[in-house]
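Asker: Give me the fold of what follows.
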Amino acid sequence: MEGVALVIARARYVPLVSSALVGGATCTVIVVLAVAHHHRTATRKARQRLPEAVDEPLFSADALAGFPMEAFRPLLLAPDPLT
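Answerer: A predicted model of the protein is given here:
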């Protein structure tokens, strides 16, 4: 594509067209590198935020203490309104 642009351009505009093409390619490389760096950094931070292993189960009696099960029981046993 660059070759076509340089062939079509008049002789006096060839340096300007070449400069524009080099500038566009440089901007493209910079943007691709910035996006790749951001993706790599975000992935690394997400791995660091993973919770550590817990010694006790998440649904132990202590973890569920104070959960209002009696308030939710009628909703769980009722027919699904969406069907």
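Asker: which sections of the chain are below the confidence cut-off?
Answerer: Within the chain, the segments meeting pLDDT under 70 span 1-2, 50-56, 58.
Asker: mind listing the helices for it?
Answerer: Taking DSSP state H, the helices of the chain run over residues 2-8, 14-48, 69-77.
Asker: Include mean neighbour count and distance to residue 61 when you put these into TSV, please.
Answerer: All C-beta spots, glycine's among them, are computed from the backbone N, C-alpha and C. Listed next are the helices of the chain as TSV, based on neighbours: other C-beta atoms under 10 Å; distance: least, C-beta to C-beta, whole Å:
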stretch	mean neighbour count	distance to residue 61
helix 2-8	10	70
helix 14-48	11	32
helix 69-77	8	12
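Asker: so which of these comes closest to residue 63?
Answerer: For the helices of the chain, distance to residue 63 was read as C-beta to C-beta. The smallest value, 13.2 Å, belongs to helix 69-77.
Asker: send the alpha carbons of the closest one over as CSV?
Answerer: Once non-C-alpha atoms are left out, helix 69-77 reads as follows in CSV (Å, rounded to 0.1, in the frame of the first residue of the first chain):
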residue,chain,number,x,y,z
MET,A,69,-33.0,-17.9,55.6
GLU,A,70,-36.6,-17.7,56.8
ALA,A,71,-37.1,-14.5,54.8
PHE,A,72,-35.8,-16.2,51.6
ARG,A,73,-37.5,-19.6,52.0
PRO,A,74,-40.9,-18.5,50.5
LEU,A,75,-39.1,-17.0,47.5
LEU,A,76,-37.2,-20.2,46.9
LEU,A,77,-40.2,-22.4,47.1
